[in-house]
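Novice: Return a 3D structure for these sequence lines:
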Amino acid sequence: MTTDLILFIVLATIAIASALGMLFSRNAVYAALFLILNFATVAVFYLLLNAPFIALAQVTVYAGAIMVLFLFVIMLLGAELTGREPAALWIRPLALSLGVVLLAETAYIIFWQAGTFPSGGTPAATFGGPANIGETLFNSYVLPFEIVSVLLLVAMIGAIVFTRKQT
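Specialist: Numbers count the residues shown, from 1 in each chain. This next block holds a predicted model:
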């Protein structure tokens, strides 16, 4: 066994365990912390695939900003103190059927489309580099980028207005 394979197996075990811990945790804060651990292991996977920029973005954006926002909302709304309400009867069958569809798609990609993907070596150094991503984002996609930023600002203001107590 090579060290890459051993590292992959250890990281995969941690990722699966943290995902299961997030799913089965009764406390919302613990679930968010398990999700942070899962995001960190995914970032290490990106490092193993020679994609350091995406790994850094994974840690910065998801484990940093998004999870801080999740924890802020959990604490603001007191979601960790509320009891779990019984789920609607249609949620479990829908979740199971979507899980089966996801597994079928994964099996199709792994077993029947294996030869169609480019193999060997890493992509060109300029493909996913920060300079190219920034140039593409701020030249070709500047309007959608600004629309998303305004939409997130409006959503944040709306969340604050909805959770504010009326006096």
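
Novice: And the strand or helix carrying residue 12, what's buried?
Specialist: For residue 12, the host element (DSSP states H and E) is helix 3-24. When burial is assessed from 16 or more other Cβ atoms under 10 Å, helix 3-24 yields the following buried residues: 11, 15, 18, 21-22. Quick note: C-beta positions are derived from backbone N, CA and C, even for glycine.

Novice: Nearest to residue 51 among those?
Specialist: Comparing the buried residues of helix 3-24 against residue 51 with Cβ to Cβ picks out residue 11 as the nearest, at 14.6 Å.

Novice: ok, now which ones touch the closest one?
Specialist: Residue 11 makes contacts with 41, 44-45, 48, as judged by Cβ atoms under 8 Å, 6 or more residues apart in numbering.

Novice: Tell me which helix or strand in the chain has the weakest average pLDDT.
Specialist: helix 67-77 (a mean of 74; mean pLDDT, DSSP states H and E).

Novice: So for the helix or strand hosting residue 107, mean pLDDT?
Specialist: Element membership of residue 107, judged by DSSP H and E, is helix 91-107. On average, the pLDDT along helix 91-107 is 82.

Novice: go on, stretch 130-149?
Specialist: Across stretch 130-149, the average pLDDT comes to 80.

Novice: can you start the count at 141 instead of 1 from here on
Specialist: Sounds good: first residue 141 from here, last item stretch 270-289.

Novice: quick one on the thing from earlier: the contacts of residue 151 in helices, which ones?
Specialist: If you go by DSSP state H, the contacts of residue 151 have 181, 184-185, 188 in helices.

Novice: quick check, nearest of the residues you listed to residue 282?
Specialist: Nearest to residue 282 among these is residue 185, at 30.4 Å by Cβ to Cβ.

Novice: Counting neighbours, what do you get for residue 239?
Specialist: Residues lying near residue 239 (other Cβ atoms under 10 Å) number 10.

Novice: related to what we said a few turns ago, from the buried residues of helix 143-164, which is closest to residue 177?
Specialist: Taking the buried residues of helix 143-164 together and measuring to residue 177 by Cβ to Cβ, the closest member is residue 158, at 4.2 Å.

Novice: Many thanks, I have nothing further to ask.
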